[in-house]
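> Starting from these lines, generate the structure:
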Amino acid sequence: MLLEGGSQTLENYFLNMPDRSPSNMKNLFYQMALAVEQFHDGSKF
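Sure, this is the predicted structure:
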């Protein structure tokens, strides 16, 4: 799913989300994305 530099793209996406989204929801989705990234990175040996 994530390509080279995908984490930076995700970070920019979440940081640039419209402010009408509650910040706690932004943080929740951001943490979920980070967890998914770490899971995929951990399964690459």
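
> Burial check on A33, number of neighbours?
A33 has 17 neighbouring residues, counting by other CB atoms under 10 Å. C-betas here are computed from N, CA, C, even on glycine.

> Spell out which helix or strand contains the residue nearest to it when sequence neighbours are not counted, please.
Leaving aside its sequence neighbours, A33 sits nearest to L10 (CB to CB, 6 or more residues apart in numbering; 5.1 Å). Here L10 sits within helix 6-15, counting by DSSP states H and E.

> From the contact counts, what lies against the helix or strand just after that helix?
Going down the chain from helix 6-15, the next helix or strand is helix 23-42, by DSSP H and E. If contacts are counted by 3 or more CB pairs under 8 Å, 6 or more residues apart in numbering; DSSP states H and E, helix 23-42 sits against helix 6-15.

> Now do the helix it packs on: which elements does it pack against?
helix 23-42.

> re the thing from before, now the angle from the helix holding L10 to helix 23-42?
170 degrees (axes from the mean of the first three to the mean of the last three CA atoms, to 10 degrees).

> Now helix 6-15: average pLDDT?
Per-region confidence: helix 6-15 scores 70 on mean pLDDT.

> Export it to PDB, keeping only CA atoms.
What follows is helix 6-15, C-alpha atoms only, in PDB (Å, rounded to 0.1, in the frame of the first residue of the first chain):
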ATOM      1  CA  GLY A   6       4.600   7.100   1.500                       C
ATOM      2  CA  SER A   7       4.900   8.100   5.200                       C
ATOM      3  CA  GLN A   8       5.800  11.700   4.200                       C
ATOM      4  CA  THR A   9       2.700  11.700   1.900                       C
ATOM      5  CA  LEU A  10       0.500  10.400   4.700                       C
ATOM      6  CA  GLU A  11       1.900  13.000   7.200                       C
ATOM      7  CA  ASN A  12       1.300  15.800   4.700                       C
ATOM      8  CA  TYR A  13      -2.200  14.500   4.100                       C
ATOM      9  CA  PHE A  14      -3.200  14.400   7.700                       C
ATOM     10  CA  LEU A  15      -1.500  17.700   8.600                       C
END
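
> what's it in contact with?
2, 26, 29-30, 33, 37 (CB atoms under 8 Å, 6 or more residues apart in numbering).

> let's see 6 Å
30, 33, 37 (CB atoms under 6 Å, 6 or more residues apart in numbering).
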